[in-house]
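[1] Test case, fold it:
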Amino acid sequence: MKNKLKFATLTLVLFYFKSGLAQTEISDAEQTFVYISSTLNTFKTTGRLVNNPGIDGSDLESFIELLEYYSEEFSKEFNSDSAMCGYYLNPENSRMTIEEKAQISFSFLNSLETRVEHYLTVNEYFQEELAEEFGTFLLDNINELKLQSVSHLWLPSSALDEAAVISFLDSTCQ
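    Next up, the predicted model:
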């Protein structure tokens, strides 16, 4: 009985640790996505890097290309060209209630587990490629900057209620 109790306790501790670690990892992926979205949006509107992480002029073009690539990788399921947004914005679906249209549109996304795994993988590849192409100094600077980044775009990386789904679709499908 003592061994079963120890095993159960150990299992709970490992589950809690793994769950906390997974939450930290998805939070990091979300912050990376927000940093990328914010940086690209600012660059497109101003033509310059605000809060430059250490990119010099000769690397600017390849840095922006890297951000654009990973922005697409993060958001390919829900960007403005996605099936989800296509359905949500289709005028033929205007007879439905907003709730029905949102529910059906959101169902075009992969399962939550699959989405989270995708975001974690994309974040890992982004950080590896960033370090490889531009060095760990730049990666460290971006990891600092992304903690303060703000964007109206976000990853659907958790279970969302009806109002959050509608808000997500409205902000994403423009």
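[2] drop to CA atoms for contacts and neighbour counts, all remaining ones
    OK.
[3] where along the chain do the helices fall?
    2-46, 60-75, 83-89, 98-106, 112-134, 136-145, 162-172 (DSSP state H).
[4] out of the ones you listed, deepest packed?
    Among the helices of the chain, ranked by average contacts under mean count of other C-alpha atoms under 10 Å, first place goes to helix 83-89 (a mean of 20).
[5] for that one, packing partners?
    Applying 3 or more C-alpha pairs under 8 Å, 6 or more residues apart in numbering; DSSP states H and E, we find helix 83-89 packed against helix 98-106, helix 162-172.
[6] Under the pLDDT cut-off, which ranges of the protein? List them.
    For the chain, applying pLDDT under 70 flags the ranges 1-23.
[7] just to revisit the earlier point, what's the closest of the helices of the chain to Pro53?
    Pro53 lies closest to helix 136-145 among the helices of the chain, at 5.4 Å (C-alpha to C-alpha).
[8] re earlier: any chance of the helices and strands packed on helix 83-89 in JSON lines, with distance to Ile36 too?
    Converted to JSON lines, these look like this (distance: least, C-alpha to C-alpha, whole Å):
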{"stretch": "helix 98-106", "distance to Ile36": "23"}
{"stretch": "helix 162-172", "distance to Ile36": "15"}
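[9] who wins for proximity to Tyr35 among those?
    helix 162-172 (15.9 Å).
[10] Pull the residues that contact that closest one.
    78-80, 85, 88, 98-99, 102-103, 106, 152-154, 156 (C-alpha atoms under 8 Å, 6 or more residues apart in numbering).
[11] In TSV, list the residues you listed along with distance to Thr172.
    Compiled in TSV, these are given as follows (distance: C-alpha to C-alpha, whole Å):
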residue	distance to Thr172
Phe78	7
Asn79	7
Ser80	7
Cys85	8
Tyr88	10
Ile98	15
Glu99	16
Ala102	12
Gln103	15
Phe106	11
His152	8
Leu153	6
Trp154	8
Pro156	10
